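>>> structure here, sequence nowhere to be found:
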């Protein structure tokens, strides 16, 4: 199975997370902070210049293809105000090439058409000093991201710190 | 009264957030206004002191992946850290204007919740928000159309925001609006817009993808 792990623990923690989330036979692709990452400037080059790929080549420009090639997505992120950390959010912002620019009606709203015909199993592990408000926002947020990216959300987990993350971390789904 | 208009769009030029601010300023009369750009990952501390000395901070941003753009997120964290090191009373009221590219402005509500959570953690008083849908129309058409055209509803909402800022009487509500066009019209205009942009880059409609 191809697993994609997006995290903000630093690239020296790739193996730590691989040991938690991947079996020996899995092929794991890590997206972690290993250098400068461009912020998404909303140029839409990933839609109308180089469809599916960001025009800023920095090692994070091919997120669309990495999502396309994954069988499962795991996101590990500090919970900041009920959403992702700045790094993980930046990676997700750079992933909008995974969607097509055209709109369609889906799940009761107007959302971007999917570029690829796939549903990606996704689990999110938030960590940090998270209050009840942020937990509630986090659950709603991941549901919304799931709709837009056509992710099948398997669980939204909350832990006090990154060292406490495990597959069995406290689960708050619905 | 002094108001900080903070454009947190990652686009440095021709952003919907900037366009909405230009319109809002028209409704603020002779109020003292300072405009800031938080398009990068950090805020200068001098600018931050100036912002914190205002009566109202209005933060405008585009919805990115259902949430706050990563640059603004980084700035908000920086403000929180700054206030933890330099606590103070009398912080400005915070009002949010968020635009999203999809039709329904309600899709921005979760991002507004995130700003509310930030206010809760930092001690700012959350004064309310305006969510503007069909954001793709804002940059392309807004400035070329008068008061009573398809942007009348958006103008009315911005006028109300201007009144709240001038009187400092905020309702704390989240209001939603769109330009006056149907969902189908917006979808057709949007698709046409992407095809035009693709052609300028030498791409056919088919090459946009499946």
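All right, it came through fine. Keep in mind that what you see is a predicted model, and the values were worked out from it rather than measured. Residues are numbered from 1 along each chain as shown, chains lettered A, B, ... in the order given.
>>> what bridges to residue 125?
Using chain A. According to DSSP bridges, the residues that bridge with residue A:125 are residue A:76, residue A:157.
>>> try again with chain B
Under DSSP bridges, the beta-bridge partners of residue B:125 are residue B:93.
>>> shouldn't it be in contact with residue B:90?
No. If you go by C-beta atoms under 8 Å, residue B:125 and residue B:90 don't touch, sitting 10.1 Å apart. For glycine as for every other residue, the C-beta is placed from the backbone atoms N, C-alpha and C.
>>> please enumerate the shared neighbours of those two.
Between them, residue B:125 and residue B:90 have no joint contacts when contacts are counted by C-beta atoms under 8 Å, 6 or more residues apart in numbering or on different chains.
>>> ok, those two, which is more surrounded?
Neighbours were counted for residue B:125 and for residue B:90 using other C-beta atoms under 10 Å in any protein chain shown; residue B:125 has more, 13 against 7.
>>> tell me the contacts of that one?
Residue B:125 sits next to B:91-94, B:119 when contact means C-beta under 8 Å, 6+ apart.
>>> point to the helix or strand of chain B where mean pLDDT is at its lowest.
Here the helix or strand of chain B ranked lowest by mean pLDDT, DSSP states H and E is helix B:136-141, holding a mean of 79.
>>> after it comes which helix or strand?
Sequence-wise, the next helix or strand downstream of helix B:136-141 (DSSP states H and E) is helix B:152-167.
>>> low-confidence ranges, chain B, go.
Residues of chain B that meet the criterion pLDDT under 70 lie in B:140-146, B:210.
>>> what segments of it are helices?
With helices called from DSSP state H, chain B shows them at B:16-26, B:45-52, B:70-85, B:109-122, B:136-141, B:152-167, B:183-200.
>>> now do chain A
Under the criterion DSSP H, chain A carries helices at the ranges A:14-21, A:45-48, A:63-69, A:86-93, A:132-149.
>>> for the record, mean pLDDT for the first one?
It stands for helix A:14-21. For helix A:14-21, the mean per-residue pLDDT is 94.
>>> how about the fourth one?
For helix A:86-93, mean pLDDT rounds to 96.
>>> and for the second one?
What helix A:45-48 shows for mean pLDDT is 94.
>>> so what does that helix touch, helix or strand wise?
If you count contacts as 3 or more C-beta pairs under 8 Å, 6 or more residues apart in numbering or on different chains; DSSP states H and E, helix A:45-48 packs onto strand A:99-106, helix B:183-200.
>>> from the contact counts, what lies against the last one?
The reference is to helix B:183-200. Counting contacts by 3+ C-beta pairs under 8 Å, 6+ apart, helix B:183-200 is packed against helix A:45-48, strand A:99-106, strand A:109-114, helix B:136-141.
>>> and for the shortest one?
Judged by 3+ C-beta pairs under 8 Å, 6+ apart, strand A:99-106 is in contact with helix A:45-48, strand A:109-114, helix A:132-149, helix B:183-200.
>>> paired strands for that strand, with orientation please.
Assessed with DSSP bridges, strand A:99-106 is paired to strand A:109-114 (antiparallel).
>>> tell me, how many residues neighbour residue A:36?
Residues lying near residue A:36 (other C-beta under 10 Å) number 8.
>>> which non-adjacent residue is nearest it?
Leaving aside its chain neighbours, residue A:36 sits nearest to residue A:58 (6.6 Å; criterion: C-beta to C-beta, 6 or more residues apart in numbering or on different chains).
>>> and the pLDDT at the one you found?
pLDDT, residue A:58: 93.
>>> close to chain B, is stretch A:142-152?
Yes. Remark: stretch A:142-152 sits within contact range of chain B at A:144-145, A:148, by C-beta under 8 Å from any C-beta of the partner chain.
>>> tell me the spacing between residue B:87 and chain A.
Plainly put, residue B:87 is 18 Å away from chain A if you go by C-beta to the nearest C-beta, to the nearest Å.
>>> for that residue, phi and psi?
Here is the backbone geometry of residue B:87 (degrees, to the nearest 10): phi -60, psi 150.
>>> how close does it sit to residue A:102?
Look at residue B:87 and residue A:102: by C-beta to C-beta, to the nearest Å, they are 49 Å apart.
>>> between those two, which is the more surrounded one?
Neighbours per residue (other C-beta under 10 Å) separate residue B:87 from residue A:102, with residue A:102 holding more: 17 against 10.
>>> count the residues that sit near residue 54.
No chain specified, so I'll use chain A. Using other C-beta under 10 Å, residue A:54 is surrounded by 24 other residues.
>>> let's do chain B instead
Here the number of neighbours of residue B:54 (other C-beta under 10 Å) works out to 21.
>>> enumerate every residue touching the residue nearest to the spatial centre of chain B.
By C-alpha atoms, centre = their mean, the mean C-alpha position of chain B lies nearest to residue B:60, the distance being 2.3 Å. Contacts for residue B:60 (C-beta under 8 Å, 6+ apart) come out as B:5-9, B:17-18, B:20-21, B:96-99.
>>> want to throw those residues into CSV with neighbour count and distance to residue B:39?
Listed next are the contacts of residue B:60 as CSV, based on neighbours: other C-beta atoms under 10 Å in any protein chain shown; distance: C-beta to C-beta, whole Å:
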residue, neighbour count, distance to residue B:39
B:5, 26, 13
B:6, 26, 10
B:7, 23, 7
B:8, 26, 7
B:9, 27, 6
B:17, 28, 10
B:18, 21, 10
B:20, 28, 15
B:21, 20, 13
B:96, 26, 17
B:97, 27, 16
B:98, 28, 15
B:99, 28, 15
